[in-house]
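**Student:** Provide a 3D model corresponding to the input given below.
(one chain, ligands or ions: 1)
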Amino acid sequence: MLLILALALAACAPSTTPDPATVEAQAPTLPAIRPPVVTTGLPGTTGLPGTTGLPGTTAPSPAPATVAPTNPTPVPTLVPEIVSTTIPTATAEPTPDRNISCSRRIADNGLLTMVTLTYGLSRDFEPRGLVSLSGYLPGDVTLGYPTELRRIIIGPLVTMIADMQAAGLQPSIISGYRSYSAQAIARQKWLEKEPERANILSAPPGHSEHQLGTVVDFGSPELAEIVGQEDIEFHTWFYKTSEGIWLLENAHRYGFTLSYPFEAFETTGFFYEPWHFRYVGEEMATYLHEAGISLTEHQLATEPPPCIPDTP
Ligand SMILES: [Zn+2]
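**Tutor:** You can find the predicted model right below:
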């Protein structure tokens, strides 16, 4: 049981990761509610958004309010820059070189770069267009953290946050972009504190989706009470919070997908992380949501390996 929670933290543990003792104290009970069934069969071909397909151009659909608005948090009215939600795909960039070792892989800045415990990124890869969230979202959402994300996802993210607030929810953003070096520092911290569990408490540098700059870890004010720990930031029970429930049902409408569903360990290498959402564009996110699979599952079934794994 502890293993599951610890592994769940592996891909997400930010540079401000909780103390090991905190992790230890978290109740690692498996969720009682089953997340969407993960299919293992090959995806159908009807309406399948392949990685070489053209991007969808439809505007995000408004998500239904699931909670009656109750004094919604004021939404920022001035967004410094309107960002198009048009979905870029790999076709917009040169075909990536797949015959390269993963430790040298520089991703192409598309939205569908595969990152797993097998297929990593070079220490030199830094995503294009990183901006600080503080210019786009209020402090009660960013929690004062200097979080950065790629500019391309700011528009959909701000829209989704606003719709959540209009529905009476109080989402926060705990973690976004993490550089290779930041991940290495976090990793080293765990190696020193808990060498035996470092592998499951923190992803090795180069193997966290957060290095892509298109991943958000969400928080909920309800989590502390549900877990019974005041300073808790990440816990499997996020799926029980109003924000977690809403995101699971609606995030795909804005182009976000849950990277690590409950049953996706075998394909993703990570356990359930109900707070970790990656922007892949509305078309792909909706396909994955309806098919009940993760992006990694879809890609492993339909694409050649993105790079040659490095031997340990
Ligand atoms: Zn994460």
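**Student:** Just give me the neighbour total for the nearest residue to Leu133 once chain neighbours are set aside.
**Tutor:** Of all residues not flanking Leu133 in the chain, Thr147 sits nearest, at 4.6 Å (C-beta to C-beta, 6 or more residues apart in numbering). Using the backbone N, CA and C atoms, a C-beta is placed for each residue, glycine as well. Thr147 sits with 21 neighbouring residues when counted by other C-beta atoms under 10 Å.
**Student:** Thr147 touches Arg178, doesn't it?
**Tutor:** No. Between Thr147 and Arg178 there is no contact under C-beta atoms under 8 Å: 9.7 Å.
**Student:** Glu283 in helix, strand or coil?
**Tutor:** What DSSP: H, G, I helix; E, B strand; the rest coil gives for Glu283 is helix.
**Student:** What sits closest to Val227 if chain neighbours are left out?
**Tutor:** Closest residue to Val227 apart from its sequence neighbours, by C-beta to C-beta, 6+ apart: His235 at 5.0 Å.
**Student:** count of neighbours near the one you found?
**Tutor:** Applying other C-beta under 10 Å, we find 26 residues neighbouring His235.
**Student:** go on, Glu266?
**Tutor:** Glu266, neighbours per other C-beta under 10 Å, totals 9.
**Student:** sorry, back to before: which ones are touching the residue nearest to Leu133?
**Tutor:** Thr147 makes contact with Ser132, Leu133, Ser134, Ile173, Ser175, Gly176, Tyr177 under the criterion C-beta atoms under 8 Å, 6 or more residues apart in numbering.
**Student:** Filter these down to the ones in strands?
**Tutor:** Among the contacts of Thr147, the members falling in strands (DSSP state E) are Ser132, Ile173, Ser175.
**Student:** Tell me the residues of the stretch 101-250 of the chain that contact the ion?
**Tutor:** For the stretch 101-250 of the chain, the residues in contact with the ion (C-beta under 5 Å from the ion) are Asp217.
**Student:** before we move on, the earlier item: buried only: go through the contacts of Thr147 for me.
**Tutor:** Applying 16 or more other C-beta atoms under 10 Å to the contacts of Thr147, the neighbour count classes Leu133, Ile173, Ser175, Gly176, Tyr177 as buried.
**Student:** looking at this, Glu243 is in a helix?
**Tutor:** Yes. Remark: Glu243 belongs to a helix, assigned using three-state DSSP.
**Student:** Find the nearest non-adjacent residue to it, please.
**Tutor:** Once flanking residues are discounted, Glu243 sits nearest to Ser220: 4.0 Å by C-beta to C-beta, 6+ apart.
**Student:** and the gap between Arg105 and Cys307?
**Tutor:** Distance of Arg105 to Cys307, given as C-beta to C-beta, to the nearest Å: 4 Å.
**Student:** Between these two, which contacts overlap?
**Tutor:** Common neighbours of Arg105 and Cys307, using C-beta under 8 Å, 6+ apart, are Tyr119, Gly120.
**Student:** got the buried residues for stretch 211-229?
**Tutor:** 211-220, 222-223, 226-227, 229.
**Student:** correct me, but the residue nearest to Glu243 touches Tyr239?
**Tutor:** No. Counting by C-beta under 8 Å, Ser220 stays clear of Tyr239, with 10.1 Å between them.
**Student:** how many neighbours does the residue of the stretch 201-312 of the chain found nearest the ion have?
**Tutor:** When scored by C-beta to the ion, the stretch 201-312 of the chain has His276 as its residue closest to the ion, at 3.6 Å. By the measure other C-beta under 10 Å, the count of residues near His276 is 24.
**Student:** Which positions are bridged to it in the beta structure?
**Tutor:** On the basis of DSSP bridges, His276 is bridged to Asp217.
**Student:** pretty sure it is touching Ser259, no?
**Tutor:** Yes. Assessed by C-beta under 8 Å, His276 is found in contact with Ser259 at 5.3 Å.
**Student:** how close does Gly139 get to Ile173?
**Tutor:** In terms of C-beta to C-beta, Gly139 sits 11 Å off from Ile173.
**Student:** which residues of this protein fall in helices?
**Tutor:** All helices of the chain, identified by DSSP state H, fall at 2-10, 20-25, 139-142, 154-166, 180-193, 198-201, 223-227, 242-250, 265-268, 282-291, 295-302.
**Student:** how about low-confidence regions in the chain?
**Tutor:** The chain contains residues with pLDDT under 70 at 1-96, 197-201, 312.
**Student:** Good, wrapping up.
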